[in-house]
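Asker: give me a model of this one.
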Amino acid sequence: MDPNVQGRVYDDYALLDWSMGFFPKSDSDLETALQVAAANGSEAIVKLLLENGADPNIQGGYFGTAMQTAASQGSEAIVKLLVVAGTDPDAQGGRYGTALLVAAYRGSEAIVKLLLENGADSNAQGKEYGTVLQVAVFKDSEAIVKLLLEKGADPNVQGGEYGTALQVAALEGSADIVKLLLESGVDPDVQGGYSAVIQAAAVGGSGVVIKLLLESSRGGQFGTALQAASYEGSEAIVKLLLEMGVDPNVPGGYFGTALQAAAYKGLKTIVKLLLEVGADPNVQGGRFGTALQAAAGHDSEAVINLLLEMGADPNVQDARDNALQEDTMALQWQPCVECGRTRTGVNL
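Answerer: Next up is the predicted model:
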C-alpha cells in the first residue's frame, strides 16, 4: 500500500485547534495519511508511516505539509521526527506559508527554536502577516520576537498587510516589543503598510509607544499621525503629539489637515483643542477643501458654530476643480483608518 496516496478528509479537522483559527477552507482539501496522523498528534503512526516510505515533503491539504500540520498542533515531538526524516523546514504551501510561520502564529516557542536550529529561514515571508517576525509581533509573543532577532531576523524587511514588524507593534500598542525592536536597530522612519510608523501608533492609541517612537525618530510623518489621532477622536494622543511640537497645520493626507479630519467626524472637543493651539480654520486642502466645508458636508452643527466663532470664513470657495462632485463622492467613501491606509492609495 502506498503511504503517499492523497485523499479527501472530512472529519479529521474536528481534532484541530479551532480557537487558533486553524481550520480548512473546504472539506475537499487533499491530504496524505502522514498529514492526518500529524493533525491527530499520533507520534507512533507518524513514525510508522515514515519508516514505510511516506514522503514528508508532499504538499496538500490546508497546511501544505505534514510539518506545518504538526506545528499547527504544537506537536514538538512530531516536528522533530519530520526534521530527522528530511522535511524541508522552508517549504512554502498551505494557509500560512512555512512551518516556522505556523509555529510563530501558534506561539510555540519550542517549535520555533527547533525549526531555527534546523535551518529554517528567520526572514521567511508568509501571506497575510508578511514575515515570521511580524507574525510573532502580531501574536504579542515577545519571547519568540527575541528568539527570531537573535537568529538573524531582519526587523526592517517589508511584507504583508502591515508593512513592517514595527508597524504591527505600533498598531497593537505593544510597548515592550516596540522597545525591543528599536534596540535591535529597526529604522523607526521606514515607510510601509502605514505611511509612517508613528501613524500606526496614533491609530493604535498607545501614548507609551508614541513617546518611544518620537524619541527615536529622525523626523517621520507626524502630521499624518496627528490626522489619524484626530480622526479617531483620541484626545490624549492628540494632546501628546501637540505637546511634542507637532504642527497642527501640516498639510497632507486624505483630509488635508488634522482640523479637517476632526471636523469631518464632528469631534467638537478635538476641533476645539486644535484651534486653541493655532490650527487655521481657513486652510485649504484635502478632500473637502476647508474644515468648515468638511463639517458642513456632514451636518456637524456644533463644530460649524465653533469654527465660525474661531474665524472660519463661510464664504471661502473651494479652489479645486470639480469640488462639488468630489465632495459628493467623499460622502459615499469612508477612509480605512483601521488599516492605516486605503486601497485607493490615499494616505490618511
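Asker: CA atoms for contacts and neighbours, from now on please.
Answerer: OK.
Asker: buried residues of stretch 264-272, list them for me.
Answerer: 264, 265, 266, 267, 268, 270, 271, 272 (16 or more other Cα atoms under 10 Å).
Asker: torsion angles phi and psi at the third one?
Answerer: Read it as residue 266. Dihedral pair for residue 266: phi 70, psi 30, per degrees, to the nearest 10.
Asker: so who does it touch?
Answerer: Going by Cα atoms under 8 Å, 6 or more residues apart in numbering, residue 266 touches 295, 298, 300, 302, 303.
Asker: low-confidence ranges, the protein, go.
Answerer: 1-30, 129, 191-196, 217-223, 318-348 (pLDDT under 70).
Asker: can you count the residues close to residue 179?
Answerer: Residues near residue 179, counting by other Cα atoms under 10 Å, number 17.
Asker: surely it meets residue 210?
Answerer: No: contact criterion Cα atoms under 8 Å: residue 179 and residue 210 do not qualify, at 11.1 Å.
Asker: now do the strands in the protein.
Answerer: 6-8, 30-32 (DSSP state E).
Asker: of the buried residues of stretch 264-272, closest to residue 62?
Answerer: residue 265 (42.5 Å; Cα to Cα).
Asker: and the closest residue to the closest one other than its chain neighbours, how far from residue 257?
Answerer: Distances taken as Cα to Cα, 6 or more residues apart in numbering place residue 231 nearest to residue 265, at 6.5 Å, with adjacent residues excluded. Residue 231 sits 10 Å away from residue 257, taking Cα to Cα, to the nearest Å as the criterion.
Asker: the more surrounded of these two?
Answerer: residue 257 (33 against 27).
Asker: these two touch, right, that one and residue 250?
Answerer: Yes: counting by Cα under 8 Å, residue 257 does reach residue 250; the two are 6.3 Å apart.
Asker: isn't residue 85 up against residue 48?
Answerer: No: if you go by Cα under 8 Å, residue 85 and residue 48 don't touch, sitting 11.9 Å apart.
Asker: state the number of residues packed around the residue nearest to residue 173 when sequence neighbours are not counted.
Answerer: With sequence-adjacent residues excluded and distances taken as Cα to Cα, 6+ apart, residue 173 is closest to residue 206, at 5.2 Å. Neighbour count for residue 206, taken as other Cα under 10 Å: 20.
Asker: go on, residue 317?
Answerer: The tally of other residues near residue 317 (other Cα under 10 Å) stands at 12.
Asker: could you measure from it over to residue 250?
Answerer: Taken as Cα to Cα, the span from residue 317 to residue 250 is 21 Å.
Asker: how about the contacts made by residue 108?
Answerer: residue 74.
Asker: now with 10 Å, please.
Answerer: 71, 72, 73, 74, 75, 76, 100, 102, 136, 141, 143, 144 (Cα atoms under 10 Å, 6 or more residues apart in numbering).
Asker: and the closest residue in space to the last one that isn't next to it in sequence, how far from residue 88?
Answerer: The spatially closest residue to residue 144, leaving aside those adjacent along the chain, is residue 109, at 5.8 Å (Cα to Cα, 6+ apart). Remark: distance between residue 109 and residue 88 (Cα to Cα) = 19 Å.
Asker: need the overlap of contacts for residue 257 and residue 250.
Answerer: With Cα under 10 Å, 6+ apart, residue 257 and residue 250 have common neighbours 223, 224, 226, 227, 279.
Asker: pop the domain breakdown of the chain in here.
Answerer: According to automatic domain parsing, the chain is divided into the following domains: 1-121, 131-217, 221-348.
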